[in-house]
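Colleague: Generate coordinates for the sequence data below:
(chains A and B)
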Amino acid sequence: METILHSQHKEVIIGPGRPFVVIGERINPTGRKRLGVEMANGDYHRVRSDAMAQVAAGAQMLDVNAGIPLADEPAILAEAIRQVQSVVDVPLSIDSSVVAALAAGLQAYQGKALVNSVTGEDARLEVMLPLIAEYGAAVIGVTNDETGISPEVDVRFAVAKKIVERAESFGIPREDVLIDPLAMPASAIPGAGKTLLELTRRVQEELGCNTICGASNISFGLPDREQINATFMAMLIAIGMPAAITNPLKPMVRKAILAAEMLMGRDEHCAAWLQQARQESSAAGAGEKGIAADRQAARAARRARRQRREDNK
Amino acid sequence: MNIEQMPLDELFEKMQDDLYDGLADEVVAATNETLRRDLAPQEILSKGLIAGMDIVGVDFRDGILFVPEVLMAAKAMKAAMEVLRPLLVATDAPKLGTMVIGTVKGDIHDIGKNLVAMMMEGAGFNVVNLGVNTDASKFLAALREHDAQLLGMSALLTTTMPYMRVVIKALQEKGWRDKVYVMVGGAAVNEAFAEDIGADAYSADAATAVDRAKWAIKHEKRLQQKFAG
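Modeller: Predicted structure coming up:
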């Protein structure tokens, strides 16, 4: 099953066997006080630079959140989306739990968006699903409901099933519903990773729809979080999760994704992996690591010749 | 500029660059273009393909290129060789020598061994590649059948590399040890092990293997004896 999203000109396909889709999570004022203050004051320069930096680091989509306490979230979210779409051409995930803000965001967005997110609570489903259907957007369904987040795989699976079925009843096709199995902190809930993997498998096999998750929460409350997040990301890719919301600027996570994609056979000739290794070593020192100057010159000359031949065509 | 108008030195340079970047179609196109200009296949091989693979081999040895890239280059080389090989045979171009190569019994690793085979062929050797899991009798039969001067053995595992000693013993028993230059390599093998089992040379990489083989053909007069018995 494939979820197709688009911006002004770019299309992104999320689906099994497809390249793993990284949705950059940085444009979110939660825990970024300075960003929140700037956005509330109509200063979007950091929103724009974060957008460009994440896309440059390999994000195929971006999440945009404007959850600032006591601010006009609908207006700020809509403006943030316009600002992001003015500098990058990637599909966006519109991130809010406020219905009015989602409506304003969907109104401002050009393309087919992903809405992040709807829970399994009846009251939320009844309000949000018609809005999503109206704009022809896709949606992330989070596996909790009125009773909270169950530690039981069966209970959370039932919530996922309910969201998918309810979405279909509003005319949102199954391929436009991505289930987030909800990463819980492994520090507080032993085996949280295992539960998430089991739930992901069941959703894929029994509901057939795509899964996605914000993977960073798994490491909450522990030291060396980036290492845990990177490892977990590789595990998610291994069981076939096709997308995640994460920070592409974190080198360990980015490299874990590249390595996992390569190991899954989705990096032809290991080209992306080699490219990243070369970029890393050239960033680490002057020129490519451990390569004599004359050999570097030979490589540069080869590139120049290729460029010249291209230009002469 | 398309390749029909390209001066010959630029065309060879392009061929080498395309080989380096593993662009098989481009390398084949350049090979065909040089043939269209009535160049001798031997010259195309040495000035285009071998010169290009030399750079690939050295950059691989020095950690500048990696296995996927060398495999792509080798594939491009192979594609061009398919065009050239029949012509090389027809023109009866002199071969530097013949190498029988294989991964030893019990071992199925062949990436490095195939790289050596490809580089040897590119350098102008006749190469008989026996594949993987090769036992002593198969090595010996091939040496005799092809009148080979060089034997290349590869092993990746510490558990399989002792079999190289078995093959060398079999050569001794046949009285053939002096007729063959024995070269060994593979991840687990090193210089000390090569010496201990009585091999003639250890090579850590394909480029070094080619150099050693060239040296042996030039300097080891004993290798010109024919096989018998």
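
Colleague: just for the stretch 1-150 of chain A, where's the confidence low?
Modeller: Across the stretch 1-150 of chain A, nothing is flagged by pLDDT under 70.

Colleague: Which neighbouring elements make contact with the top helix by length along chain B?
Modeller: The longest helix of chain B (DSSP state H) is helix B:67-91. Helices and strands touching helix B:67-91, by 3 or more CB pairs under 8 Å, 6 or more residues apart in numbering or on different chains; DSSP states H and E, are helix A:271-284, helix B:8-20, helix B:24-36, helix B:41-44, helix B:51-61, helix B:111-122. To be clear about C-beta, it is placed using only N, CA and C from the backbone, and glycine gets the same treatment.

Colleague: Mind pulling up the pLDDT for residue A:202?
Modeller: The score at residue A:202 is 96. That number is its pLDDT.

Colleague: Tell me who's in contact with it.
Modeller: Residue A:202 sits next to A:153, A:157 when contact means CB atoms under 8 Å, 6 or more residues apart in numbering or on different chains.

Colleague: a strand runs through it, doesn't it?
Modeller: No: checked against DSSP: H, G, I helix; E, B strand; the rest coil, residue A:202 lies outside a strand; its state is helix.

Colleague: Around chain A, which positions in chain B sit nearby?
Modeller: For chain B, the contact set with chain A under CB under 8 Å from any CB of the partner chain comprises B:1-2, B:13-14, B:17, B:20-22, B:55, B:59, B:62-64, B:66, B:68-69, B:71-72.

Colleague: Please, a PyMOL command that selects the buried ones among those residues?
Modeller: Provided next is the PyMOL selection string for whichever of these are buried by 16 or more other CB atoms under 10 Å in any protein chain shown:
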select buried, chain B and resi 13+14+17+20+21+22+55+59+64+66+68+69+71+72
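
Colleague: pLDDT at residue B:222, what is it?
Modeller: Reported pLDDT for residue B:222: 86.

Colleague: nearest residue to it other than its sequence neighbours?
Modeller: residue B:178 (5.0 Å; CB to CB, 6 or more residues apart in numbering or on different chains).

Colleague: That neighbour and residue B:225 touch, don't they?
Modeller: Yes: using CB atoms under 8 Å, residue B:178 is in contact with residue B:225, at 7.0 Å.

Colleague: what sits in contact with each of these two?
Modeller: By CB under 8 Å, 6+ apart, no residue touches both residue B:178 and residue B:225.

Colleague: which SS class is the closest residue to chain B within the stretch 51-200 of chain A?
Modeller: Closest residue of the stretch 51-200 of chain A to chain B, CB to the nearest CB: residue A:58 (19.6 Å). With three-state DSSP as the basis, residue A:58 sits in coil.

Colleague: Which pLDDT value belongs to the residue nearest to residue B:222?
Modeller: For residue B:178, the model assigns a pLDDT of 92.

Colleague: any idea how far it is from residue B:58?
Modeller: Residue B:178 sits 32 Å away from residue B:58, going by CB to CB, to the nearest Å.

Colleague: Settle it for me: which of these two has more neighbours?
Modeller: residue B:58 (17 against 12; other CB atoms under 10 Å in any protein chain shown).

Colleague: Make sure the more buried one is actually in contact with residue B:207.
Modeller: Yes: if you go by CB under 8 Å, residue B:58 and residue B:207 touch, sitting 5.5 Å apart.

Colleague: For chain B, which residues score under the pLDDT cut-off?
Modeller: B:91-94, B:228-229.

Colleague: er, the stretch 201-313 of chain A I mean
Modeller: Checking the stretch 201-313 of chain A against pLDDT under 70 turns up A:285-291.

Colleague: So the chain: which segments form each domain?
Modeller: Picked chain A for this. Domain assignment of chain A by automatic domain parsing yields the ranges A:3-266, A:280-312.

Colleague: actually chain B
Modeller: Taken from automatic domain parsing, chain B resolves into B:3-91, B:98-224.

Colleague: Can you add distance to residue A:277 and give the ones you listed back as a markdown table?
Modeller: Output for the domains of chain B, formatted as a markdown table (distance: least, CB to CB, whole Å):
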| stretch | distance to residue A:277 |
| --- | --- |
| domain B:3-91 | 8 |
| domain B:98-224 | 19 |
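
Colleague: Need the contact partners of the longest helix of chain B.
Modeller: Contacts for helix B:67-91 (CB under 8 Å, 6+ apart): A:269-271, A:274, B:18-28, B:31-32, B:35, B:40-42, B:44-45, B:48-49, B:52-53, B:56, B:60, B:65, B:111, B:114-115, B:118-119, B:121-122, B:206.

Colleague: quick one on the thing from earlier: deepest-packed of the domains of chain A, please.
Modeller: Across the domains of chain A, averaging neighbours per residue (mean count of other CB atoms under 10 Å in any protein chain shown) puts domain A:3-266 on top, at a mean of 19.

Colleague: Now do that domain: distance to the chain's middle.
Modeller: 5 Å (CA atoms, centre = their mean, to the nearest Å).

Colleague: coming back round to it: could you find the closest non-adjacent residue to the residue of the stretch 51-200 of chain A closest to chain B?
Modeller: Per CB to CB, 6+ apart, closest to residue A:58 is residue A:248, 5.1 Å.
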